[in-house]
Every structure is written in structure tokens, then in C-alpha cells.
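Asks: build me a model from this:
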Amino acid sequence: MIDPVFWLGVSILLVAVSLAAVLVAMIPTLKELARAARSAEKLFDTLSRELPPTLESIRLTGLEISELTDDVNDGVQSAKRVVQQVDQGLGGARKQVQRAQSSTRNLVVGVKAAWRTLRRQPSRRSLDRLPASSSQPFDDRMEQSPQPEDRRNSEGDRIQQREYWATPADNDGRVD
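Replies: Next up, the predicted model:
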């Protein structure tokens, strides 16, 4: 039993049995590995066919979104300009309304003064019956007339309103 050839034969037999066991265990593993390789190949084929058009579509969508963003920005800028023009128009209209109110007030004051003057009955007095102050020359009477009132409009500009006093000696009581 000590024969070395015998032990060599037993060793080779054990190695052969081990290799056979490994090969038997390896066969299903290799089949599964081949099946996984085929699946991976199909996946890579599908990706190579589908991915470039999808990436191109995503790129085009990005370009369209940037164009739409530019259009929206242009629309916003246009709306901003329109709003500024409307604001300027409203400011101008507000100033015109203030001027019209001021003119209307002045017109009403003038009409009231004219109405009061027209309602007064002119008296036909002679110059000798007038008081001494009314027989003075017109220039002297203007120096004695009341000073204009200091008034300001809504914009803070000074408005001078003068009151003119007519005496019966001035144009026979008529206001020109």
C-alpha cells in the first residue's frame, strides 16, 4: 500500500472526479450566464435604436422651451411698455383734468362776477354827486385798490386773482 503509483492513480482519480463535479455544477451556471448575455445584448440593441431619437427629441424640446421663454419675455417686455404708456397717458389726463378744473373754477368765478354786475342796476348819477374818491383819475384809484389774493392750485403753482372794482364813473357803470 505504499506503492507510489497507486497513490498517484488515486490522486488523479480524485482530481478527475473533482473536475467532473465542477463541470457538472458549471453547466447550469454557464447556461444562465449565456441567457443573461443575450438579454443584455437585446437591451443594448434596443437602447442603441431608441436612445438617439429620444435624446434628439429631448434636445428639440429644450430648444422649443427656450424659444417659448424668449417669446414670453418679449411679451412681458411689450406689456411693460404698454403699461408705461398707459401710465403716462393717465398722468397726462390727470394734468389735463386738473387744468380743466382750474379753468372751470375760473370760468364759474367770472360768470358769477358777470352775473352780479349785470344784476346791479346802473345808477345815472352825475359826476358832481359822486364822492370825491371816484372823481380822482383812474390811475390814482388803482393804487388804492385792494391787493390780489395769494392762492395756489393743486400743483402748488401760484394763482393771482385780481378783483376789479367798477365805479359808476368808469364807463357809466359798465364792465368791459
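Asks: so Ile2: helix, strand or coil?
Replies: coil (DSSP: H, G, I helix; E, B strand; the rest coil).
Asks: who's in contact with it?
Replies: Listed by CB atoms under 8 Å, 6 or more residues apart in numbering, the contact set of Ile2 is empty. Every C-beta, even on glycine, is put in place using the N, C-alpha and C of the backbone.
Asks: can you tell me how far it is from Val15?
Replies: 21 Å (CB to CB, to the nearest Å).
Asks: one more: Val97?
Replies: 113 Å.
Asks: what do you get for Arg120?
Replies: 147 Å.
Asks: kindly report the same for Gly62.
Replies: 64 Å.
Asks: ok, residues contacting stretch 11-24?
Replies: Outside stretch 11-24, no residue touches it (CB under 8 Å, 6+ apart).
Asks: and it, what's its mean pLDDT?
Replies: Averaged across stretch 11-24, the pLDDT comes to 95.
Asks: quick check: buried residues in it?
Replies: Going by neighbour count (16 or more other CB atoms under 10 Å), nothing in stretch 11-24 comes out as buried.
Asks: could you export that stretch as PDB, CA atoms only?
Replies: Taking Å, rounded to 0.1, in the frame of the first residue of the first chain, the C-alpha atoms of stretch 11-24 are listed here in PDB:
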ATOM      1  CA  SER A  11      -4.800  11.400  -6.800                       C
ATOM      2  CA  ILE A  12      -5.600  11.600 -10.500                       C
ATOM      3  CA  LEU A  13      -8.900   9.900  -9.900                       C
ATOM      4  CA  LEU A  14      -9.800  12.300  -7.200                       C
ATOM      5  CA  VAL A  15      -8.800  15.300  -9.400                       C
ATOM      6  CA  ALA A  16     -10.800  13.800 -12.300                       C
ATOM      7  CA  VAL A  17     -13.900  13.400 -10.000                       C
ATOM      8  CA  SER A  18     -13.500  16.900  -8.700                       C
ATOM      9  CA  LEU A  19     -13.200  18.300 -12.200                       C
ATOM     10  CA  ALA A  20     -16.200  16.400 -13.300                       C
ATOM     11  CA  ALA A  21     -18.200  17.700 -10.300                       C
ATOM     12  CA  VAL A  22     -17.000  21.300 -11.100                       C
ATOM     13  CA  LEU A  23     -18.000  20.900 -14.700                       C
ATOM     14  CA  VAL A  24     -21.400  19.400 -13.800                       C
END
